[in-house]
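Asker: below is the structure, and that's it, no one-letter string:
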């Protein structure tokens, strides 16, 4: 059954409030991006880097409220799916902008970013192996190492790699 039960008016009000908050946040960030775009009319390297940072913030501004909303409120499957797609789309846009900014960086900054991604990936793979083996022993804790927390650990590991790489190259 796609629609197991109808939404109550309070659930609809929560969805509308949530979506209006996301739209307000995105509107503010897009206005900020437009102001920045008009200040820098030429497409420079710093503009592409700033755009990737802005889209990362937009992704964060959509991901966290969506996780909270889906965790604390019960919606029908189609509504939950529609809400869950929002941060996926913003993450895809962020990755596109990040790759575009990566192509305009000089060689040292590219190397720093590449090593940060490699270190972050290696640490994430190590964490997933450990968690898998611990789950086979019935020792895992979903409160600390669930899917939502793995995303945070991925970002943490990327920034650890970024700091290590920046120190290595003196950037």
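Answerer: Good, I have the coordinates. No experiment lies behind these values; they were computed from the predicted model shown. Residues are numbered from 1 along each chain as shown.

Asker: separation between residue 160 and residue 64?
Answerer: Distance, residue 160 to residue 64, using CB to CB, to the nearest Å: 21 Å. (Glycine included, C-beta is placed from N, CA and C.)

Asker: ah, wrong one, I meant residue 77
Answerer: From residue 77 to residue 64 the distance is 22 Å (CB to CB).

Asker: got it, and residue 108?
Answerer: 33 Å.

Asker: point out where this structure drops to low pLDDT.
Answerer: Low-confidence segments of the chain (pLDDT under 70): 1-7, 16, 19-20, 23-46, 48, 148.

Asker: got the domain ranges for it?
Answerer: Following automatic domain parsing, the chain resolves into domains at 1-104, 106-171.

Asker: can I get those in JSON lines with mean neighbour count?
Answerer: Listed next are the domains of the chain as JSON lines, based on neighbours: other CB atoms under 10 Å:
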{"stretch": "domain 1-104", "mean neighbour count": "14"}
{"stretch": "domain 106-171", "mean neighbour count": "14"}
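
Asker: for residue 168, what are its contacts?
Answerer: residue 115 (CB atoms under 8 Å, 6 or more residues apart in numbering).

Asker: now it: which helix or strand?
Answerer: Element membership for residue 168, per DSSP states H and E: helix 147-169.

Asker: kindly report the same for residue 105.
Answerer: Applying DSSP H and E as the criterion places residue 105 outside every helix and strand.

Asker: now do the phi/psi pair for it.
Answerer: phi -80, psi 160 (degrees, to the nearest 10).

Asker: isn't it up against residue 111?
Answerer: No - contact criterion CB atoms under 8 Å: residue 105 and residue 111 do not qualify, at 9.2 Å.

Asker: so where do the helices sit in the chain?
Answerer: Per DSSP state H, the chain carries helices over the ranges 9-39, 45-72, 77-102, 107-136, 142-145, 147-169.

Asker: so what does the third one touch, helix or strand wise?
Answerer: When you say that, I think you mean helix 77-102. The contact analysis (3 or more CB pairs under 8 Å, 6 or more residues apart in numbering; DSSP states H and E) places helix 77-102 against helix 9-39, helix 45-72.

Asker: measure how far it is from the centre of its chain, please.
Answerer: 8 Å (CA atoms, centre = their mean, to the nearest Å).

Asker: what's the angle between that helix and helix 147-169?
Answerer: 10 degrees (axes from the mean of the first three to the mean of the last three CA atoms, to 10 degrees).
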